[in-house]
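1. The following comprises the amino acid sequence and a computationally predicted model.
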Amino acid sequence: MMNINTDFIFNLLGLSAFIAAFSLGFVLMLKMEEIKRLKLVLDKLKKSFDELDDQAKLIVKTDLELNKTQEELDKKISGLYTLQRLSRAISTTLDENQLFERIEESLIIELGFEKALAFSFEKTENGALGLVTKMQAGYSAEEVEKARTSLEKEDILSAILKKNAPFSSLTAASGKLKHAMETIKSACLLNSFISSPVSSKDGPYGLIIMGNESALSVLTEGDEEIVSILATQLGQSIENAKLFEQTFRSHQELERRVTERTKELTAALEEIKQTSKRKSEFVSAVSHELRTPLTSIKGYASILATGKLGEIPPAVKERIEKIHLHSNELTNLINNMLDISRIESGRVEMKLLPQSLTEITAKIVDLLTPQMKEKQIQCTTRLPKVLKTALIDTTQIERVFINLISNAIKYSPEGAKITVSAEETADNFIRVDVADTGYGIPQADLGKIFQEFYRVDTAITKGIKGTGLGLSLVKYIIEAHKGTIWVNSKENSGSTFSFTLPIAA
Ligand code: ADP
């Protein structure tokens, strides 16, 4: 009984051991599987972690770059603001020197530069190209002079002129330009610099150099842009200043010439006045001298014509009458000449009084009616029923009417018509028109008929007697009344002489 139990127990133990071993193996297998899965997850995690690390590095790098760009952008914006202020300062002056004075040192520093220099190109006495200092910031006077003389070398200036574009210590250069760059650095005591040519419409004007002495201040492409913009603005302002200078100069020259001409004209006018005065005095003296013997001639001719000194044969009588007639014409001429010279020289005082032009018209038309009748000329007057009085010297204005109506009769064929009309004008004048349907005046003569001694020379008017003084006298009289006189005429269609006289207040 005991043996059965032992076997059973052994068998049971063996089974249990088997089950246990099997279970352990199974569990082990499961664990192995789990480990494998976990390893896979771990690999994945590691990969993700590596990726994340890469991304983090990238983010840090991008952030750094962004910060740098932001910094540059901030610098650029503040530079542009300063540049805007600088541009405004230089564009509001039209004086070339003042323009450079406005580039203040504080603005240069705000733009991010320690030092600045500006030179203009100028031909020296021996014909070579030289430099004139226009502006400096951050230098002593000696340093500026040293920089100027060092740069004033032919090879350096020719390299700068040839480049004719901004260049800086950032630009890759070789040959002459590299030498120019090195010279700028050492001559202008700069570790880094930006230089730009300044040009106007007339060509290269000069150059500006801006830079830093300290090796720590780094220049960027943005700085290059700012200097280039400043140089362009300077060029434009210089051009404006030059244009203004030119306009100002030509204005001054014009003013000088006008003053000169005015002086010349005043002198010429004074001379004309003197000559005219002398002419008037001469005419007046001669007329006086002529009048006395003429009066005697007329007197003797009249006595002879009466026959009191003896019987006169008809042929002689006819000649004596001619002497009388011509003496009368000569007296008229002399009187006209005397009157013109008197009015011209202001020796005739106009006795201005309010007077009715209606009355004067009627009186003169009446006076000249016999002459009109002789040529069957019809005269019509067209005057308003109520016409204001004019401020005139009656005797003188009567002469105007006599002259104009006589001319209308003289220069019209038989059966012609004359119309005298008058009206008040808006500017307080009375306008009088003396119109005829006579021979008219050729266009070419219209501007000359008021000149002294001018007579129209046509086939018809040739035979009509006259002195050419009547209209001159009329013009002088009207102008002495502050009026005007003019004529409208067409050959063979008649003429209208118009004049104005002031209305009496
Ligand atoms: P004149 O003594 O010759 O008449 P005026 O000075 O009175 O001198 O006139 C100058 C010229 O103007 C005259 O010679 C004449 O040719 C021209 N003239 C003047 N009035 C008239 C008119 N009503 N019609 C045509 N011609 C005229």
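-> Thanks, I have it.
2. ok but Lys388 is inside a helix, no?
-> No - membership of Lys388 in a helix is not supported by DSSP: H, G, I helix; E, B strand; the rest coil, which gives coil.
3. gap between it and Leu501?
-> 11 Å (CB to CB, to the nearest Å). (Each C-beta comes from the backbone N, C-alpha and C, glycine too.)
4. Thr358 too?
-> Thr358 is 13 Å from Leu501, by CB to CB.
5. Test my guess that Ala173 contacts Phe167.
-> Yes - the criterion here is CB atoms under 8 Å, and Ala173 meets it with Phe167 at 6.9 Å.
6. rewinding a little: between Lys388 and Leu501, which is the more surrounded one?
-> Leu501 (23 against 15; other CB atoms under 10 Å).
7. mean confidence score for whichever strand or helix holds that one?
-> Assigned by DSSP states H and E, Leu501 falls within strand 494-502. Computed over strand 494-502, the mean pLDDT rounds to 98.
8. tell me what that strand is packed against?
-> strand 390-392, helix 394-410, strand 429-436, helix 470-480, strand 485-490 (3 or more CB pairs under 8 Å, 6 or more residues apart in numbering; DSSP states H and E).
9. Quickly run through the sheet partners of it, with directions.
-> Using DSSP bridges, the strands paired with strand 494-502 in its sheet are strand 429-436 (antiparallel), strand 485-490 (antiparallel).
10. which residues touch the residue of the stretch 151-300 of the chain found nearest the ligand?
-> Using CB to the nearest ligand atom, the single residue of the stretch 151-300 of the chain nearest to the ligand is Val283, 16.1 Å away. Shown in contact with Val283 (CB atoms under 8 Å, 6 or more residues apart in numbering): Met337, Leu338, Ile340, Ser341.
11. Save the residues you listed as a markdown table, and put in pLDDT too.
-> Formatted as a markdown table, these follow (pLDDT from 0 to 100):
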| residue | pLDDT |
| --- | --- |
| Met337 | 85 |
| Leu338 | 85 |
| Ile340 | 84 |
| Ser341 | 82 |
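12. Just the buried subset of those, written out for ChimeraX, thanks.
-> Here is the ChimeraX command that selects only those of the contacts of Val283 that count as buried (16 or more other CB atoms under 10 Å):
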select :337,338,340,341
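13. Let me know the closest of the contacts of Val283 to Trp486.
-> Ranked by distance to Trp486 (CB to CB), these are led by Ile340 at 19.2 Å.
14. where's the nearest residue in space to that closest one that is not next to it in sequence relative to the ligand, distance?
-> What sits nearest to Ile340 in space, not counting adjacent residues and going by CB to CB, 6 or more residues apart in numbering, is Leu473, at 5.4 Å. Look at Leu473 and the ligand: by CB to the nearest ligand atom, to the nearest Å, they are 8 Å apart.
15. Quick check, Leu473 in contact with Leu404.
-> No - contact between Leu473 and Leu404 fails when scored by CB under 8 Å: they sit 11.0 Å apart.
16. Close to the ligand: what parts of the stretch 301-450 of the chain are there?
-> Selection of the stretch 301-450 of the chain residues close to the ligand by CB under 6 Å from any ligand atom yields Asn407, Ala408, Tyr411, Asp436, Gly438, Tyr439, Gly440, Ile441, Ile449.
17. Would you format those residues as JSON lines with pLDDT included?
-> Converted to JSON lines, these look like this (pLDDT from 0 to 100):
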{"residue": "Asn407", "pLDDT": "97"}
{"residue": "Ala408", "pLDDT": "97"}
{"residue": "Tyr411", "pLDDT": "96"}
{"residue": "Asp436", "pLDDT": "98"}
{"residue": "Gly438", "pLDDT": "96"}
{"residue": "Tyr439", "pLDDT": "96"}
{"residue": "Gly440", "pLDDT": "96"}
{"residue": "Ile441", "pLDDT": "96"}
{"residue": "Ile449", "pLDDT": "96"}
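18. What is the neighbour count of Lys465?
-> Lys465: 8 surrounding residues under other CB under 10 Å.
19. returning to that earlier point: give me the common contacts of Lys388 and Leu501.
-> Listed as contacting both Lys388 and Leu501 by CB under 8 Å, 6+ apart are Ile430.
20. Longest helix of the protein, counting residues only.
-> The residue-count maximum for a helix in the chain (DSSP state H) belongs to helix 2-91.
21. for that one, packing partners?
-> Looks like helix 2-91 contacts helix 105-110, helix 221-306 (3+ CB pairs under 8 Å, 6+ apart).
22. Highest mean neighbour count out of the ones you listed?
-> helix 105-110 (a mean of 16; mean count of other CB atoms under 10 Å).
23. Next SSE downstream of it?
-> Downstream of helix 105-110, the first helix or strand assigned by DSSP H and E is strand 115-123.
24. now for that next one, which elements pack on it?
-> Applying 3+ CB pairs under 8 Å, 6+ apart, we find strand 115-123 packed against helix 105-110, strand 129-137, helix 141-151, strand 203-212.
25. please redo it, this time with the cut-off set to 10 Å
-> Applying 3 or more CB pairs under 10 Å, 6 or more residues apart in numbering; DSSP states H and E, we find strand 115-123 packed against helix 96-101, helix 105-110, strand 129-137, helix 141-151, helix 154-163, strand 192-200, strand 203-212, helix 221-306.
26. can you list these in CSV and add mean pLDDT?
-> Output for the helices and strands packed on strand 115-123, formatted as CSV (pLDDT from 0 to 100):
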stretch, mean pLDDT
helix 96-101, 83
helix 105-110, 86
strand 129-137, 92
helix 141-151, 93
helix 154-163, 81
strand 192-200, 91
strand 203-212, 92
helix 221-306, 89
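27. picking up where we left off before, is it possible to get the strands paired with strand 494-502 out as JSON lines so that each row also shows distance to Leu99?
-> Formatted as JSON lines, these follow (distance: least, CB to CB, whole Å):
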{"stretch": "strand 429-436", "distance to Leu99": "59"}
{"stretch": "strand 485-490", "distance to Leu99": "58"}
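28. With mean neighbour count as added columns, please give the ones you listed in TSV.
-> What follows is the strands paired with strand 494-502, written out as TSV (neighbours: other CB atoms under 10 Å):
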stretch	mean neighbour count
strand 429-436	21
strand 485-490	16
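29. who wins for proximity to Arg455 among the ones you listed?
-> strand 485-490 (14.7 Å).
30. Quick one: residues contacting the residue nearest to the spatial centre of the chain.
-> Most central in the chain under CA atoms, centre = their mean is Thr247, positioned 9.4 Å from the mean C-alpha point. Counting by CB atoms under 10 Å, 6 or more residues apart in numbering, Thr247 touches Leu94.
31. do the same with the one 5 residues further on
-> The contact partners of Gln252, taken as CB under 10 Å, 6+ apart, number zero.
32. I'd like the distance between it and Thr266.
-> Distance, Gln252 to Thr266, by CB to CB: 21 Å.
33. No further queries at this time; thank you.
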